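In: have a look; sequence and predicted model below, questions after that.
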Amino acid sequence: MDGLSQPVYTQAIPAEGSQPSQPADASQAAPPSSFTQAPVASAPAPVVTAPEAAILPPPPPAISASSAPQQPGQSLLHPFPEQDPAALPLTGFASVPARAAVLPNAQPYTRPTPYEPPAVELGAGLSRDPPIRRFISDAEVKASQTNGMGDLVRTPGVVHDDEVQSLSVEQLKKMGLGRVPSGFCFSARMTLHAPLPRTVNENDPHPEQPARITGIYNKLLNGGLVAKMVRVPVREVLREEVMLVHSEGHWDRVRATGFQTIEYLETCKEFFERLSLYVNPDSAFCARLSCGGVIEMARAVAEGQIRNGFAIVRPPGHHAEPEEAMGFCFFNNVAVAAKWLRTVYGSGTQKDVNGRDIKMNRILILDWDVHHGNGTQRAFEDDADILYISLHRHGNGFYPGGDYGALESTGSGPGRGFSVNIPFLNEGMGDADYLYAFQRIVMPIAFEFAPDLVIVSAGFDAAKGDELGKMLVSPDGYSHMTHMLSALAGGKVLVALEGGYNVNAIAESAHACVKTLVGDELPVMPSLGSASLAATNTVHEVQRMQANFWKCMGEAVEGQEELSKAGKIESLADILKAHRLYDLFHEYELFNVEFSSPSLEEAYHDQLLISENVYDSDVLLVFMHDLGSMKAAYTAATLDTDLERTQLLDTSREVLDWALVDHGFGVIDVNLLAHLPTVKGQPPDANRNKARERELALYIWDNFVALSSAQHVILFGSGAGCNALMEMVRHRGHALKERVRACISVLGHEEPPILEAASGVRPWYKNTSLVLLPSTHALQEDARGAGKHQKKFGNVYRATAEDESRPTHLLHASMPKIKEFIASKIPLEALLATAPSASSSGNGGGGGSGGGGGDAGEDVVMSAPGAGAGANGMTVDASAATVAAAA
């Protein structure tokens with residue numbers, strides 16, 4: 001039996017308590033070797049017999065800092081028999097054979113034959129066949145007849161000049177008006193990549209199914225677009241080409257799957273699913289076709305064979321990292337094609353079909369797949385010649401998860417600033433949101449970068465109807481984004497298919513993109529309205545981050561060190577907090593509270609104010625809200641703030657007037673600056689900030705609400721304060737049920753915070769809550785899911801009929817509804833008991849001593865210690881929970 005075809009079994013680390021047998025002579029261990037590397041003929045791989053298989057391996061070496069990262073629940077597997085026993089345990093895709101071998105009824109792993117590269121010359125191909133001439137003259141016809149070329153007029157696709165005048169507009173458009181045509185590539189062989197029958201439910205097809213590319217091709221064919229385009233042949237990618245991005249070991253591991261039996265691959269199903277993959281014996285072949293097809297399309301565009309092109313390929317590629325296959329991806333098609341272009345044409349010495357120099361010095365990769373292309377960004381993390389821009393959903397565990405792909409991921413080393421991530425934090429983003437990001441970030445940076453070619457990682461899982469992405473981009477939206485990108489690089493645009501798992505949605509979206517590529521008129525889009533608050537906030541944060549690298553994003557903020565040399569530094573947030581502290585003390589007699597917790601004092605200094613009657617009032621309002629809406633005007637040249645035209649819209653005053661002046665409630669006012677980090681000197685961290693919000697919410701409940709005598713408590717959240725409100729409900733739910741009568745939440749287009757079933761208070765919260773959302777919120781459109789929404793988010797209510805997404809405006813518009821709701825929950829006698837009499841409702845209106853008429857209010861102002869009156873007017877000791885008023 002030839003050693004190349006012998007099965008190789010692997011051995012697992014013994015269970016705890018078993019005693020592994022040690023080798024007789026550790027010095028005779030075999031040298032390290034890749035598991036797909038062919039053994040020499042004189043030393044064939046040994047066949048492991050049953051007795052040998054029972055021999056336990058030596059214990060694994062200790063994991064060092066250089067080990068591959070372990071996934072949760074991932075076991076360590078001993079190296080293969082031909083590897084050094086002292087080597088690190090195998091992890092990730094490399095451990096597939098070892099994992100399969102330790103399962104019951106394990107199937108053998110078959111070593112693949114040695115790789116023999118075909119005789120293909122890199123960078124030579126399509127330019128040898130010049131494009132077809134579409135329009136010809138009499139001289140050309142005569143020359144073709146005299147030089148033995150035959151009748152040129154009868155050649156398909158060639159039209160005589162005199163015939164042009166008789167052609168209709170539609171016929172001229174179909175011929176491209178003499179321009180270089182668009183192109184496409186497609187191979188039905190790529191449909192061979194499909195789940196194995198025993199690994200998938202027949203009634204529930206895998207999202208990455210063969211119908212994705214056949215659906216797109218049939219849509220283009222039936223729509224007449226294929227006839228307008230040149231078909232570029234598909235070939236398999238070469239090992240040398242793949243290794244421009246991936247390691248040789250990764251190439252070997254993917255290739256090895258094509259040599260395994262179906263039974264063996266079925267054994268590996270569970271592990272492949274952990275990597276979000278499925279594999280059959282043809283998957284590696286299809287992955288090579290997919291990657292090779294994108295390379296051939298890139299070559300055709302670079303050499304002028306086609307003007308632009310659409311690559312209908314699968315499996316996708318943008319999740320594949322240099323050492324790992326994941327997320328339905330094996331080879332990173334777009335990254336390999338970009339590296340290939342830079343390698344083959346980077347010298348600038350080659351000519352295109354028109355005799356012009358081919359320049360591929362700078363390439364833009366635009367990734368509009370709803371998932372972040374972690375593999376593509378990682379391939380060019382430190383590359384300043386490849387600009388990677390990605391629009392994707394991010395956070396809340398959305399695939400691929402982690403912090404990679406956040407707006408702070410800007411590249412490293414010389415590549416800093418050449419990774420631009422636009423992470424939408426919410427689902428439901430539509431055309432207005434994507435086009436807004438294009439106009440504000442994508443196109444300005446792209447024009448400044450000035451690419452020689454644009455490659456689009458075109459995943460259509462942000463399309464409306466895709467259940468994985470849950471976005472709302474229409475085919476017309478994709479058409480307009482394609483049109484904007486066509487203004488770059490002289491129109492050299494290559495669109496390569498990535499994700500998208502609703503077959504109808506990706507077919508319609510791809511059809512819209514190709515119509516734009518071939519030159520059809522852009523669709524007229526209806527009025528889109530304004531971009532959502534969540535989208536504009538994301539775009540603004542990305543602009544601030546990228547201003548450090550791109551002039552078009554505005555001037556970067558000077559560093560702390562440079563500013564300190566010029567004078568004293570004051571944070572605008574601290575100035576606004578101090579102003580609000582001073583103002584609310586003199587207007588409502590709200591006192592500042594210092595936290596006994598150092599972490600809370602650092603994060604929320606001067607942001608917690610209470611009324612004097614917080615422990616005595618029968619009705620207590622806990623009001624958690626944003627600072628307000630800053631309306632800032634800037635000088636265009638320097639981005640300096642125009643203070644004369646900058647205003648602060650503070651809608652919290654309307655709530656305080658109602659609570660303090662009209663009714664004399666006890667009030668706890670929490671001003672949350674959610675856009676600022678909770679640790680000074682460190683960038684914002686969503687997880688850390690949420691943890692601090694939880695700590696703040698529970699601190700307020702335990703030290704104020706729980707110790708007050710109020711029998712009727714109102715929890716009122718606006719904007720960022722809604723998350724803190726929900727933290728109280730989650731962690732103090734059973735205590736809340738006794739005294740909390742109403743839970744009010746006023747939000748914009750962001751998703752309301754979810755109340756988990758494990759809290760045990762969902763029925764109570766549903767009856768007590770009022771969640772106010774704009775009429776254009778995504779939840780309002782999902783009428784079928786209304787019952788589920790009531791369980792998860794509370795009593796969801798349509799706030800206004802206008803298309804208004806800002807919580808500050810919604811709060812003002814919703815106050816009548818809020819007052820009506822609270823009046824229905826609190827007895828009338830309690831409201832009347834706390835209402836101040838006409839004689840005592842002066843400027844103070846706080847319902848306590850010093851809350852009388854104007855003179856008394858002036859006395860308070862005069863006796864206040866400087867501009868910061870009330871800044872330390874009250875202190876709270878968390879342990880004793882006592883309040884001491886300062887003299």
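Out: Looks like it arrived, so ask away.
In: what's the domain layout of the protein?
Out: 1-114, 180-188+208-551, 587-836+870-885 (automatic domain parsing).
In: of the ones you listed, which approaches Asp574 most closely?
Out: Distances from Asp574 to each of the domains of the chain were compared using Cβ to Cβ; the minimum, 7.6 Å, belongs to domain 587-836+870-885. The way it works is simple: take the backbone N, C-alpha and C, and place the C-beta from them, glycine included.
In: for the record, mean pLDDT for that closest one?
Out: The predicted model assigns domain 587-836+870-885 a mean pLDDT of 79.
In: could you say which of the domains of the chain is packed most deeply?
Out: Ranked by mean neighbour count, those are led by domain 180-188+208-551 with a mean of 21 (mean count of other Cβ atoms under 10 Å).
In: so how far is the first residue of that one from its last?
Out: This stretch, domain 180-188+208-551, spans 35 Å end to end (Cα to Cα, to the nearest Å).
In: could you do stretch 436-451 as well?
Out: 21 Å.
In: what's the mean pLDDT across it?
Out: Stretch 436-451 comes out with an average pLDDT of 95.
In: need the residues that contact that stretch.
Out: For stretch 436-451, contacts defined as Cβ atoms under 8 Å, 6 or more residues apart in numbering pick out 362-364, 366, 387, 389, 391, 420, 422, 454, 481, 484-485, 487-489, 531, 535-536, 538-539, 542-543, 546, 550-553.
In: about what we covered before: can you list the domains of the chain in a markdown table and add distance to Ala573?
Out: Listed next are the domains of the chain as a markdown table, based on distance: least, Cβ to Cβ, whole Å:
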| stretch | distance to Ala573 |
| --- | --- |
| domain 1-114 | 37 |
| domain 180-188+208-551 | 14 |
| domain 587-836+870-885 | 6 |
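In: for Ser571, find the nearest of those.
Out: Per Cβ to Cβ, nearest to Ser571 of the domains of the chain: domain 587-836+870-885, 8.5 Å.
In: so Gly465 makes contact with Val503?
Out: No. Using Cβ atoms under 8 Å, Gly465 is not in contact with Val503; the gap is 9.9 Å.
In: any low-confidence regions in the stretch 301-450 of the chain?
Out: For the stretch 301-450 of the chain, no stretch is flagged by pLDDT under 70.
In: if we use 80, what do you get?
Out: 347-349, 353-355 (pLDDT under 80).
In: going along the chain, name the helices of it.
Out: For the stretch 301-450 of the chain, the helices defined by DSSP state H, counting those that start in this stretch cover 333-345, 374-379, 431-437, 443-449.
In: with the stretch 651-800 of the chain instead?
Out: Secondary structure of the stretch 651-800 of the chain by DSSP H, counting those that start in this stretch: the helices cover 652-656, 686-700, 721-731, 733-739, 762-768, 778-781, 786-793.
In: list the contacts for the nearest residue to Asn795 once chain neighbours are set aside?
Out: Nearest non-adjacent residue to Asn795, counting by Cβ to Cβ, 6 or more residues apart in numbering: Ser769, 4.9 Å away. By Cβ under 8 Å, 6+ apart, the contact list for Ser769 reads 742-745, 794-795.
In: can we see that at 7 Å?
Out: Taking Cβ atoms under 7 Å, 6 or more residues apart in numbering, we find Ser769 in contact with 743, 794-795.
In: so it versus Pro526, what's the distance?
Out: Distance from Ser769 to Pro526, counting by Cβ to Cβ, to the nearest Å: 35 Å.
In: next: Glu448.
Out: Relative to Pro526, Glu448 is positioned 32 Å away (Cβ to Cβ).
In: and what of Tyr264?
Out: Note on Tyr264: its distance to Pro526, by Cβ to Cβ, is 54 Å.
In: same check on Val237?
Out: Noted for Val237: a distance of 43 Å to Pro526, by Cβ to Cβ.
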